[in-house]
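K.L.:
with the sequence up front, the predicted model follows.
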Amino acid sequence: MGIRYFIIIVLFLFQVRPAAQNINTPDFTPDDSTIYLKTVEVFGKTKSQLVKEGVFAVNAIDVTPFQNTAVGLNDMINRTTSVRIREEGGVGSDFKLLINGLSGNAIRYFIDGVPLESLGSGITLANLPTNIIQRVEIYKGVVPAHLGGDALGGAIDIITRQNIGNYLDVSYGAGSFHTHKSDLSGQYAFRSGGFIVRPVISVNSSKNDYLMRGVEMWDEEERIFKNVNLKRFHDDYFSFLGQLEAGFVNRSWADAFMLSGVFSIEDKALQTGTTQSFVYGQAHREREAWSVAAQYRKKEFFIKQLRADMSVSYTFDYATTIDTALRKYRWDGAYAETFRNEITGRGKSIREYKRPRLIARTNFNYALNPYHTININYLFQSIKNNRSDEIDREFEPSEDMLTRHIAGISYKQSFLNDRWTTDFFLKHYMNRLNVRQRDLSSKTGSEEMAGTTVTNHTGYGAGSRLTLRKAFSLKASYERSIRLPSAMEFLGNGTTVYPNFRLKPENSHNCNLGAFGVINTINQHVIVYEGGVFIRRVKDFIHRVTSEMEGLAQYENVSNVTVKGFEGEIRYDYANLIQALVNCSYQDARSMTRYYLDGSPQITYRNKIPNQPWLFSNAEINVTLKELAGKESLVRLGYHYLYTHRYFLTWEGYGMLDTKATIPTQHVHNASITFSFRKERYNISLSCNNLLDSKLYDNYMLQLPGRSFFCKFRYFIN
């Protein structure tokens, strides 16, 4: 589209100017009349904008503008409409993603269409390097069949760089709480043969020794509990990711054929349980994973208009939880000797989990003609759960296995010169669970679910977008979705989450209705708006339940949950100088289970789902100044504000409303400044998060870091 406009402008200019060889001897007669030509402006859309204007409810983030800044991938996603990331602490902490009222494992994660866990369980949005990412697509509620996932609440697909040119990208950052982040990525393409090599190295570390404010401590002299401020003392985090990818591109037999190897390690000291009243002083978790993968892509696979994308990966995932201190710690680091370990309250334990994982994906896309397309996708996943313990002789080793087959087919049609587009899809899920463990049967259901269980489910849906005018379009989507319990929910995490083999798959009717548009003016002002409403009717909703007595958690089913709400966002851009946005999200998720199995009424009927925000918004402004710090320089100033309304920590039906624990209303202010020189070859970014040093909570009242500073240096040569 941009090339066509460029050609029109060039032809137009040549029509009003004489040819170069006739400048001295013009062959035309000037007219006395005067013609005033207005400024000609050409507008184009980024790939991210085109994705957002598709048939599904989706946020799309162009990561490239953020790569010079100190903003991480989690922060970028947290600023989008209807999305909230809820961390349990500082760098490397566990987190839950909330999309349209559904959270946790209801959200699936992909990288280039392949499940992210193919890289190992230690690789998440928090430590994935941003310099390898081109954009992020966030699907809300309705997930297209080509992703092949069993997501219920949505999905995140991370699209990596696929450019062919040579480049080197190196960055290093350091900040508060002894935090360090280093990333290196690059690509070298040989001049002949189409052979390319892509290395990636990423290292993250932090002590996370931020101040915990107002924690309870027993005062021996006064014999009362007092609220004091103390630093975290056992929350060190370290992660390493190394990847080497090599293969051929743009060959007659393949558009891309790549082989890759990935190695990752993670070492995480555990400071608290699921609530901060449980303090750990020696327990920690170690993870190690390596994987090998192959990917093949071809646009004309045997026949014209047939595009193939196939991949296979094998990942060996190894996790160890060391809990050998028979102690009870306090927030000041003092402890008392006991007869129980820190996490589970039992004997000493070095619990080992080996979870080898095989993932295979095949995707075929066939264009019948420019207006009709068929897509077929198949995803296979197999994960083993080998459990053992080095020192607990009473623990019985076991090997469980979870296997999934997910197939999808979609049909896309386009009419009225692409003004009306519709996508229909059908999905089939098969889940095979083999349970062999027997311990804690009364809590996990291992005895009653022992052996092999096979279930089959079918889902379907459609999405449609109609453009009435350039500045106004409507879209609607629906899915009868199924989500199989994840390995985490079935098998636990080996530390703070128990297994639960009684879990049933979630199923839901998801509906979205929205409107959007782009308004361009002749004065370089661009306004992009979008808004929508949604409803989710979920059966057997999987919800994480925390035991305050143990400091441990387990996933359980809630019979009926209804989520409804609305969202809206307005973005403004002026001449690539000022960019601003404001969005707001309202998500009302309530339990609609009226009676228990014995017929007695449930007190939580029509209660909001606890420990989950339901009203939040973002505001952001960025100013980009060119050549302020010299020729070929850029200065980018940024400010971000996040608002979260207060919400209940537990079911509002329990106890007195005026005395119930709540997570208070929160206001978060962040600011940054970035300097770029030599066409963004050299970059320095300074940022301050939680500018006003507010006391922040997130998941189950676990305190987040206070004011923090970070400085990042990036060198990029292309």
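P.N.:
Thanks, I have it.
K.L.:
same question for stretch 50-59, mean pLDDT?
P.N.:
Stretch 50-59 comes out with an average pLDDT of 89.
K.L.:
same thing with stretch 97-115?
P.N.:
pLDDT averaged over stretch 97-115 gives 87.
K.L.:
that stretch: end-to-end distance?
P.N.:
End-to-end distance of stretch 97-115 (Cα to Cα, to the nearest Å): 16 Å.
K.L.:
so Glu117 sits in a strand?
P.N.:
No. Secondary structure of Glu117 (DSSP: H, G, I helix; E, B strand; the rest coil): helix, not part of a strand.
K.L.:
distance check, it against Tyr595.
P.N.:
Relative to Tyr595, Glu117 is positioned 38 Å away (Cβ to Cβ, to the nearest Å). Just so you know, the C-beta spots here come from the backbone N, C-alpha and C atoms, and that holds for glycine as well.
K.L.:
mind checking which of those two has more residues around it?
P.N.:
Per other Cβ atoms under 10 Å, whichever of Glu117 and Tyr595 has more neighbours is Glu117, with 26 against 11.
K.L.:
leaving out chain neighbours, which residue sits closest to the more buried one?
P.N.:
Leaving out its chain neighbours, the residue that sits closest to Glu117 by Cβ to Cβ, 6 or more residues apart in numbering is Arg357, at 6.5 Å.
K.L.:
would you confirm that that neighbour contacts Asn386?
P.N.:
No. Shown here, Arg357 and Asn386 do not form a contact pair, counting by Cβ atoms under 8 Å, at 12.0 Å.
K.L.:
more neighbours, these two?
P.N.:
Arg357 (22 against 15).
K.L.:
distance check, the more buried one against Arg594.
P.N.:
In terms of Cβ to Cβ, Arg357 sits 40 Å off from Arg594.
K.L.:
for Asp255, same thing?
P.N.:
55 Å.
K.L.:
can you check Asn500 too?
P.N.:
24 Å.
K.L.:
who's more crowded, those two?
P.N.:
Neighbours were counted for Asn500 and for Arg594 using other Cβ under 10 Å; Asn500 has more, 22 against 12.
K.L.:
list the contacts of the residue nearest to Glu117.
P.N.:
117-118, 314-317, 381-384 (Cβ atoms under 8 Å, 6 or more residues apart in numbering).
K.L.:
neighbours of Ser481, just the number please.
P.N.:
Around Ser481 there are 27 residues (other Cβ under 10 Å).
K.L.:
next one: Asn163
P.N.:
10.
K.L.:
also the one 3 residues further on?
P.N.:
Neighbour count for Asn166, taken as other Cβ under 10 Å: 13.
K.L.:
same question, Gln271
P.N.:
27.
K.L.:
quick one: it and His284 touch, right?
P.N.:
No. Using Cβ under 8 Å, Gln271 is not in contact with His284; the gap is 9.7 Å.
K.L.:
extract the C-alpha set from the helix or strand hosting Leu637 and format it as CSV.
P.N.:
Using DSSP states H and E, Leu637 sits in strand 634-644. Taking C-alpha atoms only, strand 634-644 is exported to CSV below (Å, rounded to 0.1, in the frame of the first residue of the first chain):
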residue,chain,number,x,y,z
LEU,A,634,17.0,11.1,20.0
VAL,A,635,15.7,11.9,23.5
ARG,A,636,12.6,10.0,24.7
LEU,A,637,10.8,11.1,27.9
GLY,A,638,8.2,8.8,29.3
TYR,A,639,5.7,8.8,32.1
HIS,A,640,3.3,6.0,33.1
TYR,A,641,0.5,5.9,35.7
LEU,A,642,-1.3,2.8,36.9
TYR,A,643,-4.5,2.8,39.0
THR,A,644,-6.0,-0.3,40.7
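K.L.:
what's the burial count for Asp392?
P.N.:
16.
K.L.:
who's in contact with the closest residue to it other than its chain neighbours?
P.N.:
Computed as Cβ to Cβ, 6+ apart, the closest residue to Asp392 that is not its neighbour in sequence is Ser349, at 4.9 Å. Listed by Cβ under 8 Å, 6+ apart, the contact set of Ser349 reads 321-324, 341, 343, 389, 391-392, 395.
K.L.:
please apply the same query to Asn375.
P.N.:
Taking Cβ under 8 Å, 6+ apart, one finds 145-146, 363-366, 408-412 in contact with Asn375.
K.L.:
Ala246 now?
P.N.:
195-198, 258-260.
K.L.:
kindly recompute the last result at 7 Å.
P.N.:
Each residue near Ala246 by Cβ atoms under 7 Å, 6 or more residues apart in numbering is listed here: 197, 258-259.
K.L.:
ok, now Ala174?
P.N.:
180, 711.
K.L.:
I'd like the contacts of Ala246 as CSV, with pLDDT and neighbour count appended.
P.N.:
Output for the contacts of Ala246, formatted as CSV (pLDDT from 0 to 100; neighbours: other Cβ atoms under 10 Å):
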residue, pLDDT, neighbour count
Val197, 95, 13
Met258, 96, 18
Leu259, 97, 13
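K.L.:
of these, closest to Leu513?
P.N.:
Met258 (39.9 Å; Cβ to Cβ).
K.L.:
the particular helix or strand that has the closest one in it packs against which elements?
P.N.:
Met258 belongs to strand 254-269 when assigned by DSSP H and E. In this structure, strand 254-269 packs against strand 237-251, strand 284-298, with contacts taken as 3 or more Cβ pairs under 7 Å, 6 or more residues apart in numbering; DSSP states H and E.
K.L.:
can you redo those strands as CSV with distance to Leu98 and mean pLDDT?
P.N.:
What follows is the helices and strands packed on strand 254-269, written out as CSV (distance: least, Cβ to Cβ, whole Å; pLDDT from 0 to 100):
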stretch, distance to Leu98, mean pLDDT
strand 237-251, 23, 95
strand 284-298, 24, 95
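K.L.:
how about those strands, which one is nearest Ile133?
P.N.:
Nearest of the helices and strands packed on strand 254-269 (Cβ to Cβ): strand 237-251, 13.2 Å.
K.L.:
quick one: the closest one to strand 284-298, angle?
P.N.:
10 degrees (axes from the mean of the first three to the mean of the last three Cα atoms, to 10 degrees).
K.L.:
can you give me the buried ones in strand 237-251?
P.N.:
237-243, 245, 247-249 (16 or more other Cβ atoms under 10 Å).
K.L.:
of those residues, closest to Tyr210?
P.N.:
Nearest member of those to Tyr210, counting by Cβ to Cβ, is Tyr237, at 12.3 Å.
K.L.:
which residues does that closest one contact?
P.N.:
Here Tyr237 is in contact with 91-92, 205-206, 208, 268 (Cβ under 7 Å, 6+ apart).
K.L.:
likewise Asp236?
P.N.:
Neighbours of Asp236 in contact, by Cβ under 7 Å, 6+ apart: 207, 269.
K.L.:
can you show me the strands along the stretch 451-600 of the chain?
P.N.:
For the stretch 451-600 of the chain, the strands defined by DSSP state E, counting those that start in this stretch cover 451-469, 472-483, 506-520, 525-547, 552-574, 578-591.
K.L.:
and the third one, what other elements does it pack with?
P.N.:
Yep, that's strand 506-520 we're talking about. Under the contact criterion of 3+ Cβ pairs under 7 Å, 6+ apart, strand 506-520 touches strand 472-483, strand 525-547.
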